[in-house]
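**Q** Just a sequence and a predicted model for now, questions to come.
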Amino acid sequence: MMKEKQLQQPRPKDNFKAWDDPQYKDLRKLFSRNQLCEVLTHSSFYEAPDKGNSRYVFAGMFVFKGMVAQVLYRYYTGEGTKLQHVLGNLFRSERLERLFDELKLKQFVRAGENFDISSHKHIFVYAVFGYVATLDEDVRNWFIAKYIINESEHVFLHKKRNSDLLAQADVMVRQTDGRRLGIEMEETDEGLHRAKAVLSDGTVLCEAESKSWRYARTKVTKLVLNLLATPFRKELLSDPDYHARVLAREEEKAAKRKAEVEARDAAREALRQEKLEKRKEQARIRDMKRRQSQAEAKKRRAENAARAAAKAAKEARPMSAKKRRFLEDKKK
C-alpha cells in the first residue's frame with residue numbers, strides 16, 4: 001500500500017532552473033542538486049514517516065549545534081551561562097527563519113500539499129545544518145563563520161556608541177571641562193551593588209544602589225546624564241530661538257493634525273452623502289412602486305364598478321313578452 005502511495009505521489013517540479021545563478025553560489029559550494037533535494041525533502045512529501053530529512057534535522061539540532069558550541073568554547077570568553085545565552089541567541093527561531101529566506105531555500109523545498117512550509121522554515125534550516133555537519137572541517141568552519149557567528153552583538157558584546165549611555169555621558173563631561181568619566185562598583189554591607197560615577201580627578205558625581213550589578217550601573221549612568229543635561233536644559237529654555245522653534249514645530253504639528261481631521265471629516269461626509277443619496281434612491285423606487293400599485297388598484301376598482309353597473313343595468317331592463325311566456329310555460 002505504501003508503494004502505491006509513493007507511485008501516486010506527483011513528481012516534483014523542476015525547481016533548479018536558476019541553479020547556476022550567482023545568488024546560489026554558496027549552496028553550490030555545499031550541495032549538489034541531488035543532495036540539496038534530499039536534504040530539503042520533508043517526510044510528508046512521501047507520506048511515509050521513515051523517509052525524508054528527519055535524520056538531517058536531528059543532526060542539525062544536536063550535532064551541528066554542538067560544533068558551534070565547541071567554536072564558542074575555544075574562541076569566546078565568558079562564563080558557561082554567558083556561552084549558553086550566546087548559543088541560544090545564535091539558534092533562535094527568528095534567525096533561522098531569516099537564514100531560510102537569505103539562502104532562498106523555499107523554491108527547493110519539497111513537502112506534502114497540506115504541510116505549511118512558512119511555519120516550519122526552521123526545520124529545513126536545521127536539515128541544512130545537519131548536512132553541513134557531515135562536511136569537511138574547513139567547509140564547516142567557513143559556513144559557521146559566515147552564517148552563524150556573523151552578528152557581533154551576540155558574540156563580541158559590541159554596543160553602538162549612540163546606544164552606550166556611559167559613552168554619551170563621558171563625551172558631555174569632556175566637552176564641559178576636559179575630564180573623563182568612569183564608574184566604580186562596590187558591594188555594601190547589605191549585599192547590594194553600589195555604582196559611583198567618578199570623574200578622572202576623583203570627584204564623585206552621584207551614586208546608585210541595586211541588587212543587580214548591571215542595573216546599578218545603568219541607573220547611575222542615567223543619573224549622570226540627567227545631572228549633566230540640567231545646565232544645558234536651563235540655557236536652552238532661556239533661548240527665545242528655542243521657543244520659536246518649539247512653537248513652529250507645535251504649529252506644524254497642529255496644522256498637520258487639523259489637515260488629517262479635515263480629511264477624515266471630508267471622507268465621512270462623502271460617505272454620509274453617498275448613503276443619503278442611496279437612501280433617497282431607494283425611497284424614490286419604493287414611492288414609484290407604491291404609486292404604480294395604487295394606479296393598478298384604482299384601475300381594478302373602476303373595472304369592477306363598470307362590471308357591477310353593467311350587471312345591474314342588465315337586471316333592471318323590463319322582461320320581454322317572449323321570455324315571460326317561456327318562464328310561464330316552464331313553470332307548468
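**A** Here it is on my side, so go on.
**Q** quick one, longest helix in this protein?
**A** Looking across the chain with DSSP state H, the single longest helix is helix 240-316.
**Q** Just the CA trace of the helix or strand just after that one, in CSV.
**A** Using DSSP states H and E, the helix or strand that directly follows helix 240-316 along the chain is helix 321-331. Output of helix 321-331 as CSV, limited to C-alpha atoms (Å, rounded to 0.1, in the frame of the first residue of the first chain):
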residue,chain,number,x,y,z
ALA,A,321,-93.0,39.1,-23.6
LYS,A,322,-91.3,36.1,-25.2
LYS,A,323,-89.2,35.5,-22.2
ARG,A,324,-92.2,35.9,-19.9
ARG,A,325,-94.2,33.3,-21.8
PHE,A,326,-91.1,31.0,-21.8
LEU,A,327,-90.9,31.2,-18.0
GLU,A,328,-94.6,30.7,-17.6
ASP,A,329,-94.5,27.6,-19.8
LYS,A,330,-91.6,26.3,-17.9
LYS,A,331,-93.5,26.5,-14.6
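**Q** which parts of helix 321-331 are buried?
**A** Counting neighbours by 16 or more other Cβ atoms under 10 Å, one finds that helix 321-331 has no buried residues. Just so you know, the C-beta spots here come from the backbone N, C-alpha and C atoms, and that holds for glycine as well.
**Q** helices or strands next to that helix in the packing?
**A** Contacts defined by 3 or more Cβ pairs under 8 Å, 6 or more residues apart in numbering; DSSP states H and E place helix 321-331 against no helix or strand at all.
**Q** For the stretch 151-300 of the chain, give me the ranges with low pLDDT.
**A** Across the stretch 151-300 of the chain, residues meeting the criterion (pLDDT under 70) sit at 151-163, 232-233, 236.
**Q** what sits against the closest residue to Val132 other than its chain neighbours?
**A** Nearest non-adjacent residue to Val132, counting by Cβ to Cβ, 6 or more residues apart in numbering: Phe143, 5.1 Å away. Listed by Cβ atoms under 8 Å, 6 or more residues apart in numbering, the contact partners of Phe143 are 30, 132, 135.
**Q** And the residues you listed, which is the shakiest by pLDDT?
**A** Lowest pLDDT among the contacts of Phe143: Leu30, with 89.
**Q** I'd like the distance between it and Ser118.
**A** Distance of Leu30 to Ser118, given as Cβ to Cβ, to the nearest Å: 23 Å.
**Q** quick one: which of the two has more around it?
**A** Leu30 (18 against 8; other Cβ atoms under 10 Å).
**Q** quick one: contacts for that one?
**A** 128, 131-132, 135, 139, 143.
**Q** Run through the strands of the stretch 51-200 of the chain in chain order.
**A** Per DSSP state E, counting those that start in this stretch, the stretch 51-200 of the chain carries strands over the ranges 181-187, 193-199.
**Q** What strands flank the first one, and is each parallel or antiparallel?
**A** Right, strand 181-187. Paired strands of strand 181-187, with direction, are strand 193-199 (antiparallel) (DSSP bridges).
**Q** residues of the partner strand that come out buried?
**A** If you call a residue buried by 16+ other Cβ under 10 Å, then strand 193-199 has these buried ones: 193-198.
**Q** cool, and stretch 104-124?
**A** By neighbour count with 16+ other Cβ under 10 Å, stretch 104-124 contains the buried residues 105, 108-111, 117, 120-124.
**Q** Give me the contact list for it.
**A** Taking Cβ under 8 Å, 6+ apart as the rule, stretch 104-124 contacts 12, 15-16, 23-24, 36-37, 39-42, 44-45, 47, 53, 57, 93, 96-97, 100-101, 125, 128.
**Q** quick one on the thing from earlier: switch the contacts of Phe143 over to a markdown table; also include distance to Phe62.
**A** Below are the contacts of Phe143 laid out as a markdown table (distance: Cβ to Cβ, whole Å):
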| residue | distance to Phe62 |
| --- | --- |
| Leu30 | 20 |
| Val132 | 13 |
| Leu135 | 17 |
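**Q** Next step: those residues restricted to helices.
**A** The members of the contacts of Phe143 that map onto helices under DSSP H are 30, 132.
**Q** For the residue nearest to Gly130 when sequence neighbours are not counted, grab the count of nearby residues.
**A** Ranked by Cβ to Cβ, 6+ apart and with sequence neighbours excluded, the top spatial neighbour of Gly130 is Ala59, at 3.2 Å. For Ala59, the neighbour count with other Cβ under 10 Å is 21.
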